[in-house]
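[1] Attaching a predicted model along with its sequence, questions to come.
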Amino acid sequence: MPKLQKTIKPRSRASIRDTGVVTKSSSLKGKRLAIALTGGIACTEAVKIIREFRRHGATLTPFMTSDSLRFITALSIEWAAAEKAVIEVGPGVDTLDQFDAVIVAPATLNSIVKASLGIADSAVNLLIAGQIGKKAPLFFVPTMNEDLMNHPQYSVAKEVLIKWGAQFFEQALEENRLKMPDAIQVADWVMKELKNVRKRN
């Protein structure tokens with residue numbers, strides 16, 4: 001008896017675009033998010049996080065500090081987001097655009113403390129300051145070693161930012177550090193919290 005051959009349906013050109021993603025849901029359809037990368041090895045996980053948000057329909061604008069560029073290239077982030085990365089404050093003042101949410105991932109001790117002090121000395125810090133001023137959704141995913149997490153200024157800054165409406169991804173230490181969570185965890189957390197914001201409003 002002849003073997004049955006499996007017929008493979010060719011995918012359309014649109015479905016195999018290099019920067020394309022497979023849609024999981026429309027939970028973030030129409031939502032404009034900004035993801036801010038600060039310095040740290042956890043920047044290498046940002047590509048997965050950005051693409052996971054896009055799988056739920058979000059449009060992302062990436063912002064990068066000069067320190068983050070030591071760990072990952074702007075090209076990689078732009079490929080993941082299918083958007084140009086904002087690295088410096090330009091004449092268009094992209095940092096003060098309206099975003100449905102700003103996600104700081106990874107968020108270093110330095111970036112968290114600066115945010116709590118209202119320091120806006122970079123595109124990322126200006127983005128954060130603007131989001132706080134708008135009282136708009138702001139999410140921090142802290143990544144750092146245990147010593148930095150135990151610095152007194154971390155808890156002080158975190159408390160201030162929470163008081164101003166920011167939210168922090170809570171997780172246990174692993175190998176004496178706060179590591180970047182799985183991309184699915186981050187996206188699910190943000191989507192859940194944005195739903196709660198809509199309910200409150």
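    Noted; the coordinates are in hand. Keep in mind it's a predicted model, so treat the numbers as computed, not measured.

[2] Residue 193 versus the residue nearest to residue 39 when sequence neighbours are not counted, what's the distance?
    Leaving out its chain neighbours, the residue that sits closest to residue 39 by C-beta to C-beta, 6 or more residues apart in numbering is residue 67, at 2.8 Å. The C-beta positions use only the backbone N, C-alpha and C, and glycine is treated the same way. Plainly put, residue 67 is 27 Å away from residue 193 if you go by C-beta to C-beta, to the nearest Å.

[3] When the two are compared, which one has more neighbours?
    The residue with more neighbours, out of residue 67 and residue 193, is residue 67; 17 against 14, by other C-beta atoms under 10 Å.

[4] For the residue nearest to residue 89 when sequence neighbours are not counted, what are phi and psi?
    In this structure, residue 89 finds its nearest non-sequential neighbour in residue 123, 5.1 Å apart by C-beta to C-beta, 6+ apart. Phi and psi for residue 123, reported as degrees, to the nearest 10, are phi -60, psi -40.

[5] Helices of this structure, start to end?
    Per DSSP state H, the chain carries helices over the ranges 46-55, 74-81, 109-117, 123-134, 146-149, 152-163, 183-200.

[6] So for the longest one, mean pLDDT?
    For helix 183-200, mean pLDDT rounds to 90.

[7] circling back: for the helices of the chain, give me JSON lines that also has distance to residue 171.
    Converted to JSON lines, the helices of the chain look like this (distance: least, C-beta to C-beta, whole Å):
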{"stretch": "helix 46-55", "distance to residue 171": "14"}
{"stretch": "helix 74-81", "distance to residue 171": "22"}
{"stretch": "helix 109-117", "distance to residue 171": "15"}
{"stretch": "helix 123-134", "distance to residue 171": "21"}
{"stretch": "helix 146-149", "distance to residue 171": "11"}
{"stretch": "helix 152-163", "distance to residue 171": "13"}
{"stretch": "helix 183-200", "distance to residue 171": "9"}
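
[8] Between the ones you listed, which one is closest to residue 97.
    Minimum separation from residue 97 across these (C-beta to C-beta) falls at helix 123-134, 8.4 Å.
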